[in-house]
Each structure stands twice: as structure tokens, then as C-alpha cells.
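Visitor: fold the following.
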Amino acid sequence: MSKRKAIKVPKTPSPLLPTECMEQIFKHVLEMESARLHPSLLVNRYWCKNVVPFLWTRPFALVSNQDCYKLLRTFLLCLDIQEHNLLNCLLKPYKIKIPSSNKRTTFNYPIYLQELSLKDLEVCIASTIHKWYGKSSYDGYYPYQMEILINSLLRLFFRGSTNLRFLNFNQYFNFLDILDSTELFSQTQYGLSQLTRLQIVNNEPITRNTIHFLKLLSITCKQIHSLEIRLQSFDYSTEVINHFTNLITSQRDLMEFSIANIMINFEQIMSSLQSHKICLHSIKLDCVYLTEGSMNLLNNFHNLESLYLYYCEGLTSTLLEGHFNLQNLHIINSLKLQNVTLSMLQVYGNSLRQLGLNIHDLEVSGDMAFECCQNINELVLIIYNPTHLSGYDTWKTEKWKERLDTLILTQKINLSTLSIRDQTI
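Guide: Numbering: from 1, shown residues only. Have a look, this model is predicted:
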């Protein structure tokens, strides 16, 4: 008998381009439309291996409402046996059972996570629970079930997402609370230790669990470059400010800082920032009460390139003594402080490349702005709280576009708009 010849299945060739080039292509496609990358998973092993990290960089931001349950199921399969059993035990009273798998997942998905928004996570879990319960409409939520699942996943991410770089603490549902992190203090939180960008946006009264979490962050995080804080004004208690100052001073190189709605004890925050006065190049203050002491401290940041001041009460000519070499200046003041705006343009205008004003300030200081800021190449019309945008503002914006086209300037000035929503409304 003649032996049968084995039929060779031709291999699908790997791309001829270097992996680095393919990664740039994947990144570009992901930025344009993530759905276009999914079919690439099925091309061959090479494509799958290189596409997966991009799709799981910020999965909760990219996932569709219909696929939330699939995403959640995949992450839950990454829990270890002890975590899986505990989760099922907690969910048992609510008639939810998470299926187990004897196989390990194809990839270690949590390790690819680079960006996490608590809002996106909460919405994904809410959608999944409604599917499990067979609800066709969002006529109610399940706070206990949601909290159990969120806490389980946060423990997974804080422990194992070693590439997590950006955490947005922006809780969406007011009936939820962050996990009690006191139990995590004695464990190494590798997922938090690599953060370089942190946003804390809290529109509800701050809870003890949130305060404990701030303490955990100040202990664990050392590499944050960009920090944004936005609480309700009444939440800036002495204890909370102490945790923020500890968080600030524990960083190695803080480069960008933003804070909003702080009316008291801002000098303490500014004092803690002094440890970063060499590397800090951007400061944004939104609805902050400035004292003479806090402005004197602000003047110490000689390497400051970008300064954003939105409705900061207490602003005086003290800030004219800063000797800044600003590239970007955004400033919105109340009517009684417009003279300070004009003075700042006279002092710092020559180095500016970008100037941001609202329509009303621009109407008052327009000619002087162009005279003082002869090197700007971008004018930003700031629309503060766009939900209250009037027809007058829209009309004036169009008029300024026409005016810039007719002005005889040393260089072309691009006009753009920036919408800033007041989070306290």
C-alpha cells in the first residue's frame, strides 16, 4: 500500500513590516474606530497576539452596550479560585452564579489595561446585570450586586494590572461607594503603583471609603505626572486636604496639576506643590479662592509654561511678580477683576503662543490682547458651562472668526473654542 502524502497547509504569512510599524498602524486604527480592529484577531496567531494589547488598553471605554457582558465575563475568568468562590458566595443571595472555567484564559487580560474610568466600569456592570436578569429596560438598578462585582474587579485590577497608567475616579451612580481599601494597605498594589495620571472627580459627598482610598493612593503611587482634583467645595476638609498634600509630596516628578472648587486652606496645597517647582509646568485653578500667600507661592514656579485661571476670586496684581515665561494662558475673571486680566496680558503676553479668553473679556481687551500678545498663533474662546450658551455667544464667536481673517497680523492666528462644564451645577 502506498503511503498517503501529508497535505501541507500553507501558513498565513506574517506581515513584512516590522512589529513596531504594525503597532503604529494598530494604534491609528484604534483611534479612528476600534471595531475595525476586531476582525484582525482572526487572521492568524501573529495578528491576534499583536492586536489584543491594543483592544484591551481601555476596554470599558471601547465596549458597546451589547457586548458589556462578554467583556465582564472575560475579566471574571481571570479571577483565581479563591476570588471566584468568594464572588459566587456573595452573589448567591441574588441568584447570580458566575460560571467557572478549568482552563486559563488565552491571555492575561488585566495586564493590558492602561486606562480605567470608574464611570465606564459602573455602566458596563449595570448593563451586564440587566442582561443577566433579563431586563429589557433600565427601570431599576441593583446596587448591592453592582458593588460586589465592582469591588471584585477593582481588587483584580489594583493587584494585577501592572500597565495601568491612567485612573479616572469619576463614580457615576450616587448609590455606589468605592471598596473599603483598608484591607489593601498590607498588600502590594502593583496596578496602582505604576499610575502616571490620576483624575479624582467626585460630585457626591465624600465617604470614609473614598478617604481611605486617598490614603492608599498617597502610600502606593509615586510616579504620577498629571493630577486633577475636583470635589465639592464642602468636601475639602482638613483630613482630605492632608491626604492630598501627602499624595502630592510623595510623587517624584509632578508636571501637571489641576484643582477645582477649593475655597479654604489652598495655601496648604500650594505649599506641598513647592517640592515640584522645578518640574511642574502646568497649573489649572478652577473656582479657587486665592490668598496673597497662595499667590506668592504660585510665583515660585519659574518653569511654568501653562497657567489656567477660571473664576478665581481673590486674584490681585501679586501674580504679576511671577517672572513666568508662559506659553499658554487661559484666564476668565468676574467683571470686577478685568483690570487684572489686562495687566497679566501686559506682563506675560510677549511669550504667549496660546491665549484663552471668554467672549466678554475678549470684547473688552481684544485690541490690547493682540497688541500685548503679538506672538500668539492660537486664540481660544472659552465657553464656561456650555449648557447655558446663549445665542449672543454663538453670534460673537462667528464675528471673531471673521475679524481674525481681516486683521493684519505678523502671523496667522487660529481660532478654536474650548467648552468647560461647571461640574458643580
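Visitor: where does the chain have low pLDDT?
Guide: For the chain, the stretches flagged by pLDDT under 70 are 1-48, 101-103, 135-140, 185-186, 335-336, 385-393, 395-396, 405-411, 421-425.
Visitor: how does it divide into domains?
Guide: Using automatic domain parsing, the domain parsing of the chain gives 17-55, 326-425.
Visitor: now do the biggest helix by length in the chain: distance to the chain's middle.
Guide: Taking DSSP state H as the criterion, the chain has its longest helix at helix 143-160. Counting by C-alpha atoms, centre = their mean, to the nearest Å, helix 143-160 is centred 20 Å from the centre of its parent chain.
Visitor: contacts for the helix or strand following that helix?
Guide: Using DSSP states H and E, the helix or strand that follows helix 143-160 in sequence is strand 166-169. Outside strand 166-169, the residues that touch it by C-beta atoms under 8 Å, 6 or more residues apart in numbering are 114-119, 178, 192, 195-202, 213. Where C-beta positions appear, they are placed from N, C-alpha and C, glycine not excepted.
Visitor: make sure Pro110 is actually in contact with Leu77.
Guide: No - Pro110 is beyond contact range of Leu77, at 10.7 Å (criterion: C-beta atoms under 8 Å).
Visitor: those two: which has the busier surroundings?
Guide: Ranked by neighbour count (other C-beta atoms under 10 Å), Pro110 and Leu77 place Pro110 first, with 23 against 17.
Visitor: who are the contact partners of that one?
Guide: Per C-beta under 8 Å, 6+ apart, neighbours of Pro110: 75, 78, 156-157, 160-161, 191.
Visitor: that older thread, who's in contact with the longest helix of the chain?
Guide: The contact list for helix 143-160 (C-beta under 8 Å, 6+ apart) reads 72, 75-76, 78-79, 83, 86-87, 90-91, 94, 96, 108, 110-111, 113, 116, 118, 121-122, 125-126, 128-129, 164, 173, 175-179, 184, 187, 189-192.
Visitor: and these, which of them are buried?
Guide: Listed as buried from those are 72, 75-76, 78-79, 87, 90-91, 96, 110-111, 113, 116, 118, 121-122, 125-126, 128-129, 164, 173, 176-179, 184, 189-192; burial here means 16 or more other C-beta atoms under 10 Å.
Visitor: in strands, which of these fall?
Guide: Within the buried ones among the contacts of helix 143-160, residues falling in strands by DSSP state E are Leu116.
Visitor: quick one: which of the buried ones among the contacts of helix 143-160 sit in helices?
Guide: 72, 75-76, 87, 90-91, 118, 121-122, 125-126, 128-129, 190-192.
Visitor: ok, so of the residues you listed, who is nearest His225?
Guide: Leu192 (14.8 Å; C-beta to C-beta).
Visitor: partners of the host helix or strand of Gln199 in the sheet?
Guide: Here Gln199 is covered by strand 197-201, with elements defined by DSSP H and E. Here strand 197-201 has these sheet partners by DSSP bridges: strand 166-169 (parallel), strand 226-230 (parallel).
Visitor: following that strand, which helix or strand shows up next?
Guide: For strand 197-201, the following helix or strand on the C-terminal side (DSSP H and E) is helix 208-220.
Visitor: that following helix packs against which elements?
Guide: With contacts defined as 3 or more C-beta pairs under 8 Å, 6 or more residues apart in numbering; DSSP states H and E, helix 208-220 has these neighbours: helix 190-193, helix 238-249.
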